[in-house]
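Trainee: After the sequence you'll find the predicted model.
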Amino acid sequence: MIVKYLGTGAAEGIPAVFCHCEVCNHARVNKGRNIRTRSQALIDGKLLLDFGPDTFLHSLEYNIQLADIQVCFVTHSHDDHLYLEDLRARRRSRANLRLGTPVLKVYGGQGVREILKPKDDGFVTKDNSVVFCQIKPFEQVEILNEYKVTALPAVHTSNEPFVYVIQSNTKTFLYGHDTDYFEENVWEYLKKNNIYFDAVSLDCTEGVKHIEYTGHMNFERMQNMCERLRIEGCIDVNTQIVANHISHNGLANYNKANEVGKSLGYIVSYDGMEIEV
Ligand SMILES: [Zn+2]
Ligand SMILES: [Zn+2]
Ligand SMILES: [Zn+2]
């Protein structure tokens, strides 16, 4: 399984649209891996994770023909993960899709449903080119005859946010954005189902900053999460651990974050990064 990180930033991206902070100023001058567009990932070129406001930019940057994508899993309804206007542009009055182009299935929880406002038959656009498929907590769906995707409840301030467990025939990957340390029912599920992750991508929104609130993580909370994952047998020394969804408020440019990440054995994401799971 190849996971391509199209965007690796949090809500404002880096440099943030309006910002004088050091991390943003550094990114404006040094660019490269310091630039973070809003989080989105693509698995094996065909399974899209989130549909944020930088989707258009990602399609240009990485040569992605979005019209050919058939499945997108949206983690939650926050607008850095779901930009409705571009999704609705798949309707035929705006898009010239080749005859026989399959519909785009968009999976998500109740909060995503409330943004997409699908008709009774699930279709989001009048011409039936985008369909919403509601997924329930702990539900598993089989897609593209190739993957099983399970929605697990995230701990985040939106309506029914999910992290997704993506399983191919041989590998298992956790896309863990946006979330805090899991609730006990998720730990129970992971344990009961003997889930072992070959790679985990975890929320590191707040980087090296100390935080009090619930809903995101920093490097410190990532360590707590990984410790528990280890105890439950979900990860081991062979698991790739990625710190991702990094905010300018996390007080770390790429080099700083990478230095801290490296010392903990984590891979710090950057836009365009690919990992083989
Ligand atoms: Zn986010
Ligand atoms: Zn900033
Ligand atoms: Zn969010």
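Mentor: Arrived safely. Ligands and ions are numbered 1, 2, ... in the order given.
Trainee: Can you name the residues of the stretch 151-277 of the chain sitting close to ligand 3?
Mentor: Residues of the stretch 151-277 of the chain lying close to ligand 3 (C-beta under 5 Å from the ion) are residue 178. For the C-beta atoms, the positions are set from N, CA and C on the backbone; glycine is no exception.
Trainee: From ligand 3, how far off is the residue in the stretch 151-277 of the chain that ligand 2 sits nearest to?
Mentor: Among the residues of the stretch 151-277 of the chain, residue 248 lies nearest to ligand 2; the distance is 3.4 Å by C-beta to the ion. Counting by C-beta to the ion, to the nearest Å, the gap from residue 248 to ligand 3 is 15 Å.
Trainee: The stretch 101-250 of the chain against ligand 2: which residues are in contact?
Mentor: Proximity of the stretch 101-250 of the chain to ligand 2 is confined to residue 248 under the rule C-beta under 5 Å from the ion.
Trainee: let's see 8 Å
Mentor: For the stretch 101-250 of the chain, the residues found near ligand 2 under the criterion C-beta under 8 Å from the ion are 248, 249.
Trainee: so what pLDDT did residue 253 get?
Mentor: Taken from the predicted model, the pLDDT recorded for residue 253 is 97.
Trainee: ok, it touching residue 23?
Mentor: Yes. Distance between residue 253 and residue 23: 5.5 Å, which falls inside the contact criterion (C-beta atoms under 8 Å).
Trainee: which ones are touching the residue of the stretch 151-277 of the chain closest to ligand 2?
Mentor: The neighbourhood of residue 248, defined by C-beta atoms under 8 Å, 6 or more residues apart in numbering, consists of 10, 12, 14, 15, 16, 19, 21, 23, 24, 27.
Trainee: Now with 6 Å, please.
Mentor: Applying C-beta atoms under 6 Å, 6 or more residues apart in numbering, one finds that residue 248 lies in contact with 14, 16, 21, 23, 24.
Trainee: Narrow those residues to those that are buried.
Mentor: In the contacts of residue 248, burial by neighbour count holds for 14, 16, 23, 24, counting by 16 or more other C-beta atoms under 10 Å.
Trainee: any idea which of those is the one closest to residue 220?
Mentor: Minimum distance to residue 220 across the buried ones among the contacts of residue 248 is 18.1 Å, recorded for residue 23 (C-beta to C-beta).
Trainee: For the closest one, identify the helix or strand it belongs to.
Mentor: The secondary structure element spanning residue 23 is helix 22-30 (assigned by DSSP states H and E).
Trainee: So which other helices or strands are in contact with that helix?
Mentor: For helix 22-30, there is no helix or strand it packs on, judged by 3 or more C-beta pairs under 6 Å, 6 or more residues apart in numbering; DSSP states H and E.
Trainee: Show me which parts of that helix are buried, residue by residue.
Mentor: Using 16+ other C-beta under 10 Å as the burial criterion, the residues of helix 22-30 that qualify are 23, 24, 26, 27.
Trainee: CSV please, covering those and showing distance to residue 173.
Mentor: Supplementary listing: those in CSV, determined by distance: C-beta to C-beta, whole Å:
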residue, distance to residue 173
23, 28
24, 30
26, 31
27, 28
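Trainee: Go through the residues you listed and name the one nearest ligand 2.
Mentor: residue 24 (3.3 Å).
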